[in-house]
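Participant: Make a model of this:
(one chain, ligands or ions: 1)
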Amino acid sequence: MSEKTGTNITKAANGSPKPSSPNSDLKNEFAAFLNYAPAPESSEHIEIKDRYQHFIDGDFTEPVKNRYFKSINPATEAVLSEFAEGTSEDVDAAVKAARKAYDKQWSVLSGKERGKYIFRIARMIQERSRELAITETMDGGKPIRESRDVDVPLAAAYFFYYAGWADKLKYAFPGKTPVPVGVCGQIIPWNFPLLMLSWKIAPALAAGNTVVLKPAETTPLTALKFAEICRDAGLPKGVVNIVTGAGQTGAALVDHPDVDKIAFTGSTEVGKIIQKSLAGTSKKYSLELGGKGPNIVYDDAPVDQAVEGVINAIFFNQGHVCCAGSRLLVQEGIAEKLIEKLKARMDSLIVGDPLDKNTDIGAINSKMQFEKIEKYIEIGKNEGAEFYQSSSELPSNGFFCKPTIFTGVSQSNRIVQEEIFGPVLTIQTFRTPQEAIEKANNTPYGLASGVWTDKGSKIFETGKSVRSGVMWSNTYNKFDPTSPFGGYKESGIGREGGLHGLYPYVNLGH
Ligand code: NDP
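Facilitator: This is a model prediction of the structure:
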């Protein structure tokens, strides 16, 4: 299936001229400095079938009730394909296949042999990287630059990394004997579909488990392309099973009595529902939930670099990022200057066709999410905050939102406390490090944060005092398979990535 691309938005280039104010002359200055011609990535060679079945026991299988749902391209609203709607019967078939594969094949295979399969999968992701990046962009709306340079290479890197652990587990847990947990149910969201799949499937397989994975309803496509990779890699049947569907399909997986472990990434709201369902069972679980990341800029920070960092922290992937730096805390002395530069930089961002290689901000993932963001923008206005949106032009079709900031907010405002999951930044000021830390910690979340300063001592003190699973200093949104990631408070339980990411997938005997 091919897609029409190109929204013909020609906009000003990034950064080079140093603006003094975000007025219209300045925008013209940017535009005059350098214009980008459209540079759409071709999707003509991408094969998207009209219909996708579940992937169970090594084969693509019809759903028991023969019901399908559609997934659209959020940038064009065109239907991409149809996907099987998973029922509890489908989930049961997948769990049975995973159990059989676990008992008869995967758990008894040596770590060295498991590692070979996982390496092969990693290499095949690299081989199909262009196709996977384009597919991810069409299905989810994220800019091709991000899916090409971040999502897909990182997904391969997680498989490479955990392939390396498969035959070294006894060194990972000195003095203990790690044994696999069994059949793992894995539920992932729509913001990083292939990458979240890799965070979950790679450590599970390395540790000797088999999996049933449910991708998000709006972005199941790369998971099914991944199923093709598993099949083509010769992975034993039933080791990886993919069941598509909506929330009920996920709930059926959580409730299945023969699942030993649940790994979930998504909203705090659904995370709490899952935690309640699992209470009183012997199932292990790890939850990676929402966030409201504080990004703290001290007055000794290099302002231009901090502005780039703030932009990346909130506008990367349209702000659909659980660890997004969605709350900027800036020290009073530099607030005015920083906000002025930030507005000018926002005006240079290109919002539009996600398949265009010049696009900075792509489409909002779904109509539902678009409406949620719009609702929060209204809430912010009604809460009395000052509102600024970039002057970016938007395509006429699809779901697009301009980069947005709110100043003059207070700590108790809903837009400061609640996860918006869109390109919306709140800005607060502070006078002392103590005040910054108190404000940073004053939400129910504790997933990620950032600090910008010239002083190492401030980095350490702030890092020690802000309760978040990750703190980036003088950078933001940097990921590496060797680093653990996860939250405190309502941001979740357990860690993914690195050695820590193996813990949820093993039981440790003596
Ligand atoms: P959800 O938490 O609902 O979805 C995450 C995954 O869980 C999806 O695969 C979803 O299926 C599935 N799911 C939904 N309900 C259940 C259930 N009862 N039992 C088991 N699995 C379930 O996120 P949404 O996609 O609905 O987004 C809602 C909000 O959550 C967003 O606006 C955003 O604020 C936040 N969010 C946060 C994420 C994060 O990483 N912090 C990621 C995604 C969303 P399905 O896709 O079919 O609904």
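Participant: near the ligand, which residues of the stretch 201-350 of the chain?
Facilitator: For the stretch 201-350 of the chain, the residues in contact with the ligand (C-beta under 6 Å from any ligand atom) are 214, 216-217, 246-247, 250-251, 254, 265-267, 270, 273-274, 289-291, 322. C-beta coordinates here come from the backbone N, C-alpha and C atoms, glycine included.
Participant: That should have said the chain, apologies.
Facilitator: Neighbours of the ligand within the chain, by C-beta under 6 Å from any ligand atom: 187-191, 214, 216-217, 246-247, 250-251, 254, 265-267, 270, 273-274, 289-291, 322, 369, 372, 419, 421.
Participant: swap the cut-off to 5 Å and go again
Facilitator: Selection of the chain residues close to the ligand by C-beta under 5 Å from any ligand atom yields 187, 189, 216-217, 246-247, 250-251, 266-267, 270, 273, 290, 322, 419, 421.
Participant: Inside helices: which ones of those residues?
Facilitator: If you go by DSSP state H, those have 247, 250, 251, 270, 273 in helices.
Participant: Give me the buried subset of the residues of the chain next to the ligand.
Facilitator: Listed as buried from those are 187, 189, 216-217, 250-251, 266, 270, 273, 290, 322, 419, 421; burial here means 16 or more other C-beta atoms under 10 Å.
Participant: Let me see the backbone angles for residue 82.
Facilitator: Residue 82 adopts backbone torsions of phi -110, psi 150, taken as degrees, to the nearest 10.
Participant: whoops, I mixed them up, residue 288
Facilitator: When read as degrees, to the nearest 10, the backbone of residue 288 gives phi -120, psi 110.
Participant: how near is it to residue 407?
Facilitator: Taking C-beta to C-beta, to the nearest Å as the measure, residue 288 falls 30 Å from residue 407.
Participant: Neighbour count: those two, which is higher?
Facilitator: residue 288 (28 against 18; other C-beta atoms under 10 Å).
Participant: Contacts only, for the more buried one.
Facilitator: Residues in contact with residue 288 (C-beta atoms under 8 Å, 6 or more residues apart in numbering) are 264, 265, 266, 322, 485, 486, 487, 491, 492, 494, 496.
Participant: okay, those in TSV with distance to residue 222 and pLDDT next?
Facilitator: Putting the contacts of residue 288 into TSV (distance: C-beta to C-beta, whole Å; pLDDT from 0 to 100) gives the following:
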residue	distance to residue 222	pLDDT
264	19	98
265	15	98
266	17	97
322	19	97
485	20	97
486	23	97
487	25	96
491	25	97
492	23	96
494	24	96
496	18	97
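Participant: so of those, which ones are in helices?
Facilitator: Among those, no member falls in helices (DSSP H).
Participant: Between these, which sits nearest residue 472?
Facilitator: Closest approach between those and residue 472, by C-beta to C-beta: residue 485, at 11.4 Å.
Participant: State the number of residues packed around the closest residue to the closest one other than its chain neighbours.
Facilitator: Leaving aside its sequence neighbours, residue 485 sits nearest to residue 497 (C-beta to C-beta, 6 or more residues apart in numbering; 4.7 Å). The number of residues packed near residue 497 is 22, by other C-beta under 10 Å.
Participant: Repeat that for residue 336.
Facilitator: 11.
Participant: Checking it next. Helix, strand or coil?
Facilitator: At residue 336, secondary structure determined by DSSP: H, G, I helix; E, B strand; the rest coil is helix.
Participant: Contacts only, for the residue nearest the centre of the chain.
Facilitator: Per C-alpha atoms, centre = their mean, the C-alpha nearest to the average position across the chain is that of residue 192, at 3.7 Å. Listed by C-beta under 8 Å, 6+ apart, the contact set of residue 192 reads 151, 317.
Participant: same question, the one 5 residues further on
Facilitator: The contact partners of residue 197, taken as C-beta under 8 Å, 6+ apart, are 155, 186, 188, 213, 215, 222, 223, 226.
Participant: and the last one, how many neighbours?
Facilitator: The burial count assigned to residue 226 is 26, neighbours taken as other C-beta under 10 Å.
Participant: got it, and the second one?
Facilitator: Residue 186 has 27 neighbours, counted by other C-beta under 10 Å.
Participant: which residues pair with it across the strands?
Facilitator: Counting by DSSP bridges, residue 186 forms beta bridges with residue 213, residue 263.
Participant: Could you report the distance from it to residue 241?
Facilitator: 10 Å.
Participant: got it, and the fourth one?
Facilitator: Taking C-beta to C-beta as the measure, residue 213 and residue 241 are separated by 7 Å.
Participant: More neighbours: these two, which one.
Facilitator: Shown here are residue 213 and residue 241; by other C-beta under 10 Å, residue 241 has more neighbours (30 against 27).
Participant: Give me the nearest residue to the more buried one, chain neighbours excluded.
Facilitator: Counting by C-beta to C-beta, 6+ apart, residue 241 lies nearest to residue 94, which is 4.0 Å off, once chain neighbours are set aside.
Participant: residues contacting residue 134?
Facilitator: 41, 43, 46, 144, 147, 355.
Participant: How many neighbouring residues does residue 474 have?
Facilitator: 15.
Participant: Nearest spatial neighbour of it, chain-adjacent residues omitted?
Facilitator: Spatial nearest neighbour of residue 474, chain neighbours left out: residue 452 (5.7 Å); criterion: C-beta to C-beta, 6+ apart.
Participant: Remind me what the helix or strand that contains residue 375 packs against, helices and strands.
Facilitator: Following DSSP states H and E, one finds residue 375 within helix 367-382. Helices and strands touching helix 367-382, by 3 or more C-beta pairs under 8 Å, 6 or more residues apart in numbering; DSSP states H and E, are strand 386-389, helix 414-417, strand 424-430.
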